[in-house]
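Trainee: take this sequence and fold it.
(chains A and B)
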Amino acid sequence: MSDIADRVKKIVVEHLGVEADKVTEGASFIDDLGADSLDTVELVMAFEEEFSVEIPDDAADTILTVGDAIKYIEKQQA
Amino acid sequence: MRRVVVTGTGMVSPHGADTETTWKRILDGKSAARRIEEFEVDDLAAKIACRIPLGDGSNGTFNPDDWMDPKEQRKVDPFIIYAVAAAEQALNDANWHPESDEDQIATGVLIGSGIGGIEGIVEAGYTLRDRGPRRISPFFIPGRLINLASGQVSIRHKLRGPNHSVVTACSTGAHAIGDAARLIALGDADVMVAGGAESPVSRISIAGFAACKALSTQFNDEPERASRPYDKDRDGFVMGEGAGIVVLEELEHAKARGANILAEVVGYGLSGDAYHITAPAENGDGAYRCMMAALKRAGLDASDIDYINAHGTSTMADTIELGAVERLLGDAAGKVAMSSTKSAIGHLLGAAGAVEAIFCVLAIRDNMVPPTLNLDNPSRESAIDLVPHKAKAKQVDVALSNSFGFGGTNASLVMRRYQA
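Mentor: Residues are numbered from 1 along each chain as shown, chains lettered A, B, ... in the order given. Below is the predicted model:
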């Protein structure tokens, strides 16, 4: 697992207060991890902070799962 | 109008995480004031406060995790956590957990706060200035808004009746209970979860209230002596924090389900001073008219009052209230006990009127009047027993609670022992 994936998962665990083993790449923030729309806004802010990237709103709207977040950040940092 | 009774209470206070612990420590004559250790106070004029004892939940300590998921706590100001905890206690005490549509819609919430999430606003201000608008959390607004105490409580317990809030500075808690009782009396709800919550102990609030010359600054080395209502050496209030919440219920609704009736809310009066932004009118006329209005609504005479829980903040205004009460009582002054529980737990601002209304309910229940601590040398003589130092046993069938706030906003509640 990449360093980025680990850091993304750690943020999700901390912000959503969920068990680490539930935070799989296929897990949807809203459907599987109990987030609401405001939680997802805050998650995106936390990713921006952690990885020093800017995630525009239209891109944020496409980040629905843990895997989406990892892929987006990997692409930005490639 | 329909009759309204109290069927449950809940509290988080500087004396403990629940109503009974707080009441016991108040009757024991203990002060909760101490030096502030959680943040820098060297440059503040007031360095003391009455703080909620945090802990693992044992021995009366408050453990926020017992009441709200840590992940949720992170999103709200502490005043909302206190409100959520006290409301759940009150609903448990009342044994009211509505499940049907009808019961949920008949139950409303009316919780206020004086200054709400002021510290969170300051923190967000730093974030905005230093890191820009994209770093402002989506939980900043809903975690600071005063009516979100009512909102959070209603969401957690599915209370779908009137959802309302009050912001009247230090009269907030009394106005919330009075307005909620009126909603029940008029038939807008059968049950209301009502009260006040406040978490003001922060550098910004102390700086602000100290600038108004409202805080005690001469007893920083003897915190337990600082809150001394009516005493000649009083020099300002000591800030407190917490929440007081009651379950109010229409009498027949309470009887039909066999609820334990703690007291009846028989009177509620309101008035405005129209005088000054922070000082009460010197003739005490606003306070007098407010108490008179509450008695009139109750259908009682001043001579029916047994106990008054005073606003009594330990400021110069104490004697203005005392004068107004003497004018109200006239020849009956000698039979009345009046004390300020702010001498023990400080001034809970928007929660003060609510916790003090609960103390009136408990004074009626136990026939005990709480003391005014540190009243060593009254600044003037009065025929009214100000209950110095020690609680005393006294028959209490009618109790009046006063609350007066910045802006010249006054509220009085009258509670009476329940009689069929």
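Trainee: all helices for the chain, in order.
Mentor: Just so you know, I chose chain A. Along chain A, the segments classed as helices by DSSP state H run A:3-16, A:37-51, A:57-60, A:66-77.
Trainee: um, chain B though
Mentor: In order along the chain, chain B carries the following helices (DSSP H): B:19-27, B:70-73, B:78-94, B:101-105, B:118-131, B:148-157, B:172-185, B:203-211, B:251-256, B:285-298, B:318-329, B:342-345, B:352-366.
Trainee: so of those, which one's packed in deepest?
Mentor: Each of the helices of chain B was assessed for mean neighbour count using mean count of other CB atoms under 10 Å in any protein chain shown. The highest is helix B:342-345, with a mean of 31. Backbone N, C-alpha and C define where each C-beta goes, glycine included.
Trainee: put the alpha carbons of that one into CSV.
Mentor: What follows is helix B:342-345, C-alpha atoms only, in CSV (Å, rounded to 0.1, in the frame of the first residue of the first chain):
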residue,chain,number,x,y,z
LYS,B,342,-24.0,32.3,42.3
SER,B,343,-22.0,32.6,45.5
ALA,B,344,-21.3,28.8,45.1
ILE,B,345,-21.1,28.1,41.3
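Trainee: average pLDDT for that helix?
Mentor: For helix B:342-345, the per-residue pLDDT values average out at 98.
Trainee: for chain A, what's the nearest residue on the stretch 251-400 of chain B?
Mentor: The nearest approach of the stretch 251-400 of chain B to chain A comes at B:Gly350, 25.8 Å away (CB to the nearest CB).
Trainee: quick revisit: okay if I get the helices of chain B as CSV plus distance to A:Glu48?
Mentor: What follows is the helices of chain B, written out as CSV (distance: least, CB to CB, whole Å):
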stretch, distance to A:Glu48
helix B:19-27, 44
helix B:70-73, 20
helix B:78-94, 27
helix B:101-105, 40
helix B:118-131, 11
helix B:148-157, 26
helix B:172-185, 38
helix B:203-211, 28
helix B:251-256, 52
helix B:285-298, 52
helix B:318-329, 53
helix B:342-345, 43
helix B:352-366, 41
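Trainee: what's the closest non-adjacent residue to the residue of chain A found nearest chain B?
Mentor: Residue nearest to chain B within chain A: A:Gly17 (3.3 Å; CB to the nearest CB). Taking CB to CB, 6 or more residues apart in numbering or on different chains, and ignoring the residues beside it in sequence, A:Gly17 has B:Lys71 as its nearest neighbour in space, at 3.3 Å.
Trainee: so that neighbour versus B:Ser271, what's the distance?
Mentor: If you measure B:Lys71 against B:Ser271 using CB to CB, to the nearest Å, the figure is 44 Å.
Trainee: same check on B:Pro142?
Mentor: If you measure B:Pro142 against B:Ser271 using CB to CB, the figure is 34 Å.
Trainee: out of the two, which sits in the more crowded spot?
Mentor: Remark: of B:Pro142 and B:Ser271, B:Ser271 carries more neighbours, 21 against 17, as counted by other CB atoms under 10 Å in any protein chain shown.
Trainee: for the more buried one, give me its contacts.
Mentor: With contacts defined as CB atoms under 8 Å, 6 or more residues apart in numbering or on different chains, the neighbours of B:Ser271 are B:286-287, B:289-290, B:293, B:410.
Trainee: now, which of those residues sits nearest B:Cys170?
Mentor: Nearest to B:Cys170 among the contacts of B:Ser271, counting by CB to CB, is B:Asn410 at 10.0 Å.
Trainee: now do the contacts for the residue nearest to the closest one when sequence neighbours are not counted.
Mentor: Counting by CB to CB, 6+ apart, the nearest residue to B:Asn410 once its immediate chain neighbours are dropped is B:Cys290, at 3.9 Å. Residues in contact with B:Cys290, defined by CB under 8 Å, 6+ apart, are B:269-271, B:402, B:404, B:410-412.
Trainee: gap between B:Cys290 and B:Cys360?
Mentor: Going from B:Cys290 to B:Cys360 by CB to CB gives 16 Å.
Trainee: residues in contact with the closest residue to chain A within chain B?
Mentor: Residue nearest to chain A within chain B: B:Lys71 (3.3 Å; CB to the nearest CB). Taking CB under 8 Å, 6+ apart as the criterion, B:Lys71 is in contact with A:15-17.
Trainee: separation between it and A:Asp36?
Mentor: Using CB to CB, B:Lys71 is found at 12 Å from A:Asp36.
Trainee: what's the answer for A:Asp68, then?
Mentor: With distances defined as CB to CB, the gap from A:Asp68 to A:Asp36 amounts to 17 Å.
Trainee: so for those two, which residue has more residues nearby?
Mentor: Ranked by neighbour count (other CB under 10 Å), A:Asp68 and A:Asp36 place A:Asp68 first, with 17 against 10.
Trainee: ok, that one - contacts?
Mentor: Under the criterion of CB under 8 Å, 6+ apart, the contact partners of A:Asp68 comprise A:Thr62.
Trainee: can you do 6 Å?
Mentor: Under the criterion of CB atoms under 6 Å, 6 or more residues apart in numbering or on different chains, A:Asp68 has no contact partners.
Trainee: contact residues of chain A facing chain B?
Mentor: Along chain A, the residues adjacent to chain B under the rule CB under 6 Å from any CB of the partner chain are A:17, A:38, A:41-42.
Trainee: from those residues, which would you call buried?
Mentor: A:41-42 (16 or more other CB atoms under 10 Å in any protein chain shown).
Trainee: is it possible to get JSON lines of the residues of chain A next to chain B that adds pLDDT and distance to B:Pro98?
Mentor: As requested, those are exported to JSON lines (pLDDT from 0 to 100; distance: CB to CB, whole Å):
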{"residue": "A:Gly17", "pLDDT": "90", "distance to B:Pro98": "28"}
{"residue": "A:Leu38", "pLDDT": "95", "distance to B:Pro98": "27"}
{"residue": "A:Val41", "pLDDT": "95", "distance to B:Pro98": "32"}
{"residue": "A:Glu42", "pLDDT": "95", "distance to B:Pro98": "32"}
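Trainee: pLDDT at residue 78, what is it?
Mentor: As the question left the chain open, I've gone with chain A. We have a pLDDT of 79 for A:Ala78.
Trainee: wait, chain B was what I had in mind.
Mentor: The predicted local distance difference test score for B:Pro78 is 98.
Trainee: also the one 10 residues further on?
Mentor: We note a pLDDT of 98 for B:Glu88 in this prediction.
Trainee: got any ranges where chain A has weak pLDDT?
Mentor: Regions of chain A meeting the criterion pLDDT under 70 cover residues A:1.
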